[in-house]
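# Sequence first, then the predicted structure, then my questions.
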Amino acid sequence: MDDHGRQERRSLGQSIACSVVLGALAVGWGIVAESRVLLFDGVYVLLGILLSWLSLVASSAASAAPTRMFPFGKQAATPLVIAVQGAALLGTLLYAGFDAITLIRAGGSDVAPETVLAYGVISATCSLLVSLWLGRRASSDILAAEVAQWRAGALLSGVIAVGGAVALVLDGTSWSAAVAYADPVLVLLACVLLAPLPVRLLRSAALELLEAAPPAPVQAAIATAIADVRSRFGLPEPTVAATKLGRRLYVDVVFVVAGAWEVAVEDDVRRALIAPLSALGHEVWANVELTLDAELAE
């Protein structure tokens, strides 16, 4: 197991511990206060525990050595789990939104604005601190997804706090009847604000599983590395194909050359290409070919 994998799993374990504390606080507070939005926030955090555990499993699987059954390893576990995260979050938002609409149609709920405000401030502060701390360690797609969840949680709690403050201001005024709808309206608003997160997770996971081109910064790094190799060895424009799966970066480069080339030179070209790409933090699987037949490059 490499140092990167150990650091990744350590960070995920610490994130789970924070989720347990904050989720238990939200659910307990929500039950006592009979607040749907607090319960929703608590369920969101507790769901994150399950998703973080799945991320731990995926991290372990992706770091395992290749076997006879899985000769290329299990790097696909990373985007697969990210897709599960996106689907679970999307399902949670849809259920919460439906429940909030039902509550609004029933006439709202009687929740103390002070309770909602206090919880929102505490939860938003804790979630923001965890996201900042974890963000400094986010050196993989799994940790980046974890940071995104904490940031979304901080945003959700911030919305709860603002909503509680608005309800507190309205309470006792001619608009006091609107306070009863603050709780379900906050849930709906939170669902709308959080909706882009699961969509983004599902999209990124689908692109990787379908072997799409890697992100633009990675493509730029590949182009730069190839330009340097061409200049150094006097090679023509190659045919290039690349994709990213989990922490692994696949790069296939074929140069159509003239005349005889030694195999040792081809090895030098491959090493020259791999070296700068390895600095990106990915496990680089590079295939570099020098051929006299243009059809083999197609």
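Now that the structure is in, tell me what you want to look at. All values derive from a computational prediction rather than experimental measurement.
# distance between the worst-scoring helix or strand of the chain on mean pLDDT and the chain's centre?
Within the chain, judged by mean pLDDT, DSSP states H and E, the helix or strand with the poorest mean is helix 36-63; its value is a mean of 77. From the chain centre to the centre of helix 36-63 is a distance of 12 Å (Cα atoms, centre = their mean, to the nearest Å).
# Sort out which residues of it are buried, please.
Residues of helix 36-63 classed as buried: 36-49, 51-52, 54-56, 58-59, 61-63 (neighbour count, 16 or more other Cβ atoms under 10 Å). (Each C-beta comes from the backbone N, C-alpha and C, glycine too.)
# what packs against that helix?
Helix 36-63 sits against helix 3-33, helix 77-105, helix 113-135, helix 141-170, helix 182-194, with contacts defined as 3 or more Cβ pairs under 8 Å, 6 or more residues apart in numbering; DSSP states H and E.
# Just want the angle from it to helix 141-170.
Here the directions of helix 36-63 and helix 141-170 differ by 170 degrees (axes from the mean of the first three to the mean of the last three Cα atoms, to 10 degrees).
# between helix 36-63 and helix 3-33, how big is the angle?
Using the same axes, to 10 degrees, helix 36-63 lies at 160 degrees relative to helix 3-33.
# just the CA coordinates of stretch 141-152, formatted as PDB?
The C-alpha trace of stretch 141-152 is given here as PDB (Å, rounded to 0.1, in the frame of the first residue of the first chain):
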ATOM      1  CA  ASP A 141     -10.800  12.400  -6.900                       C
ATOM      2  CA  ILE A 142     -12.300  10.600  -3.800                       C
ATOM      3  CA  LEU A 143     -11.000  13.300  -1.400                       C
ATOM      4  CA  ALA A 144     -12.100  16.000  -3.700                       C
ATOM      5  CA  ALA A 145     -15.700  14.500  -3.700                       C
ATOM      6  CA  GLU A 146     -15.500  14.400   0.100                       C
ATOM      7  CA  VAL A 147     -14.500  18.100   0.300                       C
ATOM      8  CA  ALA A 148     -17.400  18.900  -2.100                       C
ATOM      9  CA  GLN A 149     -19.800  17.200   0.300                       C
ATOM     10  CA  TRP A 150     -18.500  19.200   3.300                       C
ATOM     11  CA  ARG A 151     -18.700  22.500   1.400                       C
ATOM     12  CA  ALA A 152     -22.200  21.600   0.300                       C
END
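# what's next to it, contact-wise?
Stretch 141-152 is contacted from outside by 8, 11-12, 15, 48, 51-52, 55, 58-59, 78-79, 81-82, 85, 89, 127-128, 130-131, 134-135, 137-138, 194, 197, 200-201, 204, 246-247, using Cβ atoms under 8 Å, 6 or more residues apart in numbering.
# Just the buried residues of these.
8, 11-12, 15, 48, 51-52, 55, 58-59, 78-79, 81-82, 85, 89, 127-128, 130-131, 134, 137-138, 194, 197, 201, 204, 246-247.
# which intervals of this structure have sub-threshold pLDDT?
Filtered on pLDDT under 70, the chain yields the residue ranges 1-5, 138-139, 296-298.
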